[in-house]
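*Asks:* coordinates only, no sequence provided:
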């Protein structure tokens, strides 16, 4: 039980609850209200890792897909291969819990107002809880995100409430903020700080953490994302995220399906 709890806590702290040009969201834990453009896609091949109490866990890799189904609304899916390497015992590797979500922006950014959106997420218990590769129960995360930009700077953040069905565990809260600067035409650097309240009653993973990250655009369609950090006041010794992102619109499908 403790092995499974440690794995779940690690994933919660690293990724919590899982854009052409990326402005927000991955590679950070704190997300943003900006959905993918209408009829545009984001495809990620990503991996995240954390060290918590001597236990390494994460995804290797996970696939993330986002699609702008209608204006201001994005559909979201994460399909992970998860692993857990405890300080003692057997390494586990296999399919983890599936994440589904819908991001909806209901306030557009103006000169005076930030853009505002919601991004409810549902964790489907598709991973093996007995092997430490899943929670074993349905979970949900219900956040509200805000974002404001000025010149090369962008700030975004928000707060959310997590609903956890696992017996003996509590629901939890999250608040986070990020500041990012577009330092060159194809490189953005950012730093985030976030806090999570108690998630497991039998594992002390409440605390505050930070990440420093970068987004590098090879061109309009291909991107590299990276972040790394650790707890400021909490149990995580190290955490990181790295991903390749491919962005495109529906015209790619029309080109691929065209008779040769």
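*Replies:* In hand now; what should we look at? Owing to the predicted nature of the structure, the values given are computational and were not obtained by experimental measurement.
*Asks:* so where is the protein shaky, pLDDT-wise?
*Replies:* 1-24, 165-169, 199-206, 252-260 (pLDDT under 70).
*Asks:* so which residues of it form strands?
*Replies:* 40-52, 55-70, 73-85, 92-95, 98-107, 115-118, 121-124, 139-150, 153-164, 172-184, 187-196, 207-217, 222-233, 236-249 (DSSP state E).
*Asks:* and the first one, what does it pack onto?
*Replies:* Translated: strand 40-52. For strand 40-52, the packing partners by 3 or more C-beta pairs under 8 Å, 6 or more residues apart in numbering; DSSP states H and E come out as helix 2-15, strand 55-70, strand 236-249. For every residue, glycine as well, the C-beta is placed using N, CA and C.
*Asks:* paired strands for the longest one, with orientation please.
*Replies:* In the sheet, strand 55-70 lines up against strand 40-52 (antiparallel), strand 73-85 (antiparallel) (DSSP bridges).
*Asks:* now do the buried residues in it.
*Replies:* Going by neighbour count (16 or more other C-beta atoms under 10 Å), the buried part of strand 55-70 is 55, 56, 57, 58, 59, 61, 62, 64, 66, 67, 68.
*Asks:* on the strand side of things, show who the closest residue to residue 35 other than its chain neighbours bridges to.
*Replies:* Nearest residue to residue 35, sequence neighbours excluded (C-beta to C-beta, 6 or more residues apart in numbering): residue 74, at 3.6 Å. Beta-bridge pairing for residue 74 (DSSP bridges): residue 68, residue 103.
*Asks:* quick check: residue 74 touching residue 103?
*Replies:* Yes: applying C-beta atoms under 8 Å, one finds residue 74 in contact with residue 103, separated by 4.2 Å.
*Asks:* need the residues touching each of these two.
*Replies:* Shared contacts of residue 74 and residue 103 (C-beta atoms under 8 Å, 6 or more residues apart in numbering): 35, 66.
*Asks:* and for residue 171, the neighbour number?
*Replies:* Using other C-beta atoms under 10 Å, residue 171 has 14 other residues around it.
*Asks:* how close does the closest residue to residue 144 other than its chain neighbours get to residue 148?
*Replies:* Excluding the flanking residues, the one nearest residue 144 by C-beta to C-beta, 6+ apart is residue 158, at 5.0 Å. Per C-beta to C-beta, to the nearest Å, residue 158 is found 12 Å from residue 148.
*Asks:* overlap in contacts, the two.
*Replies:* Common neighbours of residue 158 and residue 148 (C-beta under 8 Å, 6+ apart) do not exist.
*Asks:* the more surrounded of the two?
*Replies:* Neighbour count, other C-beta under 10 Å: between residue 158 and residue 148, residue 158 has more, with 22 against 15.
*Asks:* and that one, what does it touch?
*Replies:* Taking C-beta under 8 Å, 6+ apart, we find residue 158 in contact with 30, 31, 33, 143, 144, 145, 146, 175, 176.
*Asks:* just the closest of these to residue 250, please.
*Replies:* Nearest to residue 250 among the contacts of residue 158: residue 33, at 23.2 Å, using C-beta to C-beta.
*Asks:* now the closest one. Nearest residue, chain neighbours left out?
*Replies:* Closest to residue 33 by C-beta to C-beta, 6+ apart is residue 117, at 2.9 Å.
*Asks:* need the contact list for residue 212.
*Replies:* Contacts of residue 212 (C-beta under 8 Å, 6+ apart): 189, 190, 191, 227, 228, 229.
*Asks:* for the second one, give the beta-bridge partners.
*Replies:* Beta-bridge pairing of residue 190 under DSSP bridges involves residue 180, residue 213.
*Asks:* right, and it touches residue 180 too?
*Replies:* Yes: between residue 190 and residue 180 there is a contact under C-beta under 8 Å: 3.4 Å.
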